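Enquirer: Below is the structure, and that's it, no one-letter string:
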Ligand code: DOR
Ligand code: ZN
Ligand code: ZN
């Protein structure tokens, strides 16, 4: 083999269930060889990883990069810098922006603007349109998925089955998943006259009753069954909803589901400590729910871990609890939090790689991503499993400098992130340039190649 551009040697790679010493050769953004380090071809540049764990870059299919009119909260540059700091090499951006990504022109605007700014790879969701033509046009523009907010009243008309099937048709034929925020809207309960954050938290929790999630999930399962479109349920938060998904999967419904680290690891009790810094929807639930989600992650009922990185400013979060916007940043904390669980033996490394790289890539049909193997895109993370760190929001690259994980000690820190063959982050320093990431678009493929996802 001719000389390659980059070798990363002396790493530990997971093969089947064993960690083996190996390295990779990278040329023109692709992995061209995986072998024992001495057997790699000569290279222009060699990085000696000194025994670090090498895993495929994390593919995060639920991220709000904001930008456009909301760039004060986050922009394509700050959001993708946060991604590579956290070992995330590809993010899929949600359409609930200002303006929303609800037609092909707006999607094109985002694609054009972001291309020159991004440090990680980025794909764009389109908002499911009530006009099927708009949805097809977004699919043609390369929408990597569609998003439906069942908590948004503009979609109320979808309780008409006929209309729903018409609206879902272009989603089904494009072959991309429909990601759904599965909560029905519920009015805030009346103020009881009590004042103070504690009462505001209670009101907020009452307005996001677990039943609202269970009912919305039931509707999603029906939708998937009737339309045969791939429905992907976002941020499951309760055991009840998870059980519904599990049963539907066993019955062959084309449904998949994701969880966030915060729903896995925190409970609503954090609201008393962190106030609006722990406010998101769906909200944090009970410790039993979190335990159930972890079990689902381990046994295969849950397919994917996502950050649901949803940045707001600290000023916005400092308003009264009830007025503060929902959402927390997560790109920089997700992988260390999950690896800490792995080191505590609550989840295997195999399952971590499956749910953070392989499954998201397969479900969203991202070409040549999610694996350390010859011919795949060179999106790679080196992790120091012995390094510990205290989570500190002030150190985030994200503009959203708060987190309900503040003060936690995590172990398993990404020390190098490679995107498209370029080392874009090393030892906490950004080495990459804007534009090192690329915009990924869905290329239409023939139907009926629906992927089954391994869950062993
Ligand atoms: O907490 C949330 N924040 N949940 C959502 O569904 C939206 C998100 C946001 O965009 O801020
Ligand atoms: Zn959501
Ligand atoms: Zn979200």
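Expert: Arrived safely, thanks for sending. Note that this is a predicted model, so its numbers are computed, not measured. Ligands and ions are numbered 1, 2, ... in the order given.
Enquirer: what's the helix or strand hosting residue 45 packed up against?
Expert: For residue 45, the host element (DSSP states H and E) is strand 43-48. With contacts defined as 3 or more Cβ pairs under 8 Å, 6 or more residues apart in numbering; DSSP states H and E, strand 43-48 has these neighbours: strand 4-15. Placement of C-beta: from N, CA and C, glycine included.
Enquirer: same thing but 10 Å
Expert: The contact analysis (3 or more Cβ pairs under 10 Å, 6 or more residues apart in numbering; DSSP states H and E) places strand 43-48 against strand 4-15, strand 18-27, strand 422-426.
Enquirer: between those strands, which one is nearest to residue 346?
Expert: The minimum distance between residue 346 and the helices and strands packed on strand 43-48 falls on strand 4-15, with 17.3 Å, by Cβ to Cβ.
Enquirer: Now do the closest one and strand 422-426, the angle between them.
Expert: Strand 4-15 runs at 60 degrees relative to strand 422-426, counting by axes from the mean of the first three to the mean of the last three Cα atoms, to 10 degrees.
Enquirer: Counting neighbours, what do you get for whichever residue of the stretch 101-250 of the chain sits closest to ligand 2?
Expert: Closest to ligand 2 within the stretch 101-250 of the chain is residue 181: 3.5 Å, counting by Cβ to the ion. A count of nearby residues for residue 181, using other Cβ atoms under 10 Å, gives 23.
Enquirer: just checking, it touches residue 258?
Expert: No: the pair residue 181 / residue 258 is not scored as a contact, 11.2 Å apart, by Cβ atoms under 10 Å.
Enquirer: what sits in contact with each of those two?
Expert: Common contacts of residue 181 and residue 258 (Cβ atoms under 10 Å, 6 or more residues apart in numbering): 62, 233-235, 308.
Enquirer: Next, count neighbours for the residue in the stretch 351-456 of the chain that ligand 1 sits nearest to.
Expert: The stretch 351-456 of the chain approaches ligand 1 most closely through residue 400 (9.9 Å), counting by Cβ to the nearest ligand atom. Neighbour count of residue 400, defined by other Cβ under 10 Å: 29.
Enquirer: In stretch 332-349, which residues are buried?
Expert: Neighbour-count burial for stretch 332-349, counted by 16 or more other Cβ atoms under 10 Å, picks out 332-342, 347, 349.
Enquirer: hang on, the earlier thing: single out the most deeply packed of the helices and strands packed on strand 43-48.
Expert: Most buried of the helices and strands packed on strand 43-48 by mean neighbour count (mean count of other Cβ atoms under 10 Å) is strand 422-426; its value is a mean of 22.
Enquirer: Need the residues that contact that strand.
Expert: Applying Cβ under 10 Å, 6+ apart, the contact partners of strand 422-426 are 5-6, 8, 26, 29, 45, 47, 80-81, 83-87, 89, 119-120, 378-382, 397, 414-419, 430-433, 436-437.
Enquirer: List the ones among the residues you listed that fall in strands.
Expert: Counted as lying in strands by DSSP state E, out of the contacts of strand 422-426, are 5-6, 8, 26, 45, 47, 89, 380-382, 414-419, 430.
Enquirer: are any of these buried, and which?
Expert: Applying a neighbour-count criterion of 16+ other Cβ under 10 Å, the buried members of the ones in strands among the contacts of strand 422-426 are 5-6, 8, 26, 47, 89, 380-382, 414-419.
Enquirer: Identify, from those, the entry nearest to ligand 2.
Expert: Closest to ligand 2 out of those is residue 89 (22.6 Å), distances taken as Cβ to the ion.
Enquirer: pretty sure the closest one contacts residue 118?
Expert: No: at 11.1 Å, residue 89 does not count as touching residue 118 under the criterion of Cβ under 10 Å.
Enquirer: and the stretch 201-350 of the chain, which of its residues are near ligand 2?
Expert: Residues of the stretch 201-350 of the chain lying close to ligand 2 by Cβ under 5 Å from the ion are residue 234.
Enquirer: Excluding residues flanking it in the chain, which one is nearest residue 387?
Expert: Closest residue to residue 387 apart from its sequence neighbours, by Cβ to Cβ, 6 or more residues apart in numbering: residue 413 at 4.3 Å.
Enquirer: go on, residue 44?
Expert: In this structure, residue 44 finds its nearest non-sequential neighbour in residue 5, 5.4 Å apart by Cβ to Cβ, 6+ apart.
Enquirer: same thing with residue 401?
Expert: Excluding its sequence neighbours, the residue lying closest to residue 401 (Cβ to Cβ, 6+ apart) is residue 393, at 4.5 Å.
Enquirer: just checking, what packs against the helix or strand harbouring residue 147?
Expert: Per DSSP H and E, residue 147 falls inside strand 145-149. If you count contacts as 3+ Cβ pairs under 10 Å, 6+ apart, strand 145-149 packs onto strand 58-63, strand 88-93, strand 121-127, helix 132-141, helix 161-174, strand 178-181, strand 231-233.
Enquirer: Can you tell me which of these is nearest to residue 372?
Expert: Here strand 88-93 is closest among the helices and strands packed on strand 145-149 (Cβ to Cβ), at 11.8 Å.
Enquirer: can you give me the offset of that closest one from its chain's centre?
Expert: 7 Å (Cα atoms, centre = their mean, to the nearest Å).
Enquirer: ok and the residue in the stretch 301-450 of the chain nearest ligand 1?
Expert: Closest point on the stretch 301-450 of the chain to ligand 1, by Cβ to the nearest ligand atom, is residue 327, at 3.0 Å.
Enquirer: Check for me that that residue belongs to a strand.
Expert: No: counting by DSSP: H, G, I helix; E, B strand; the rest coil, residue 327 is not found in a strand; it is coil.
Enquirer: if I look at it, how far off is residue 334?
Expert: Separation of residue 327 from residue 334 (Cβ to Cβ, to the nearest Å): 14 Å.
Enquirer: cool, residue 120 as well?
Expert: From residue 120 to residue 334 the distance is 13 Å (Cβ to Cβ).
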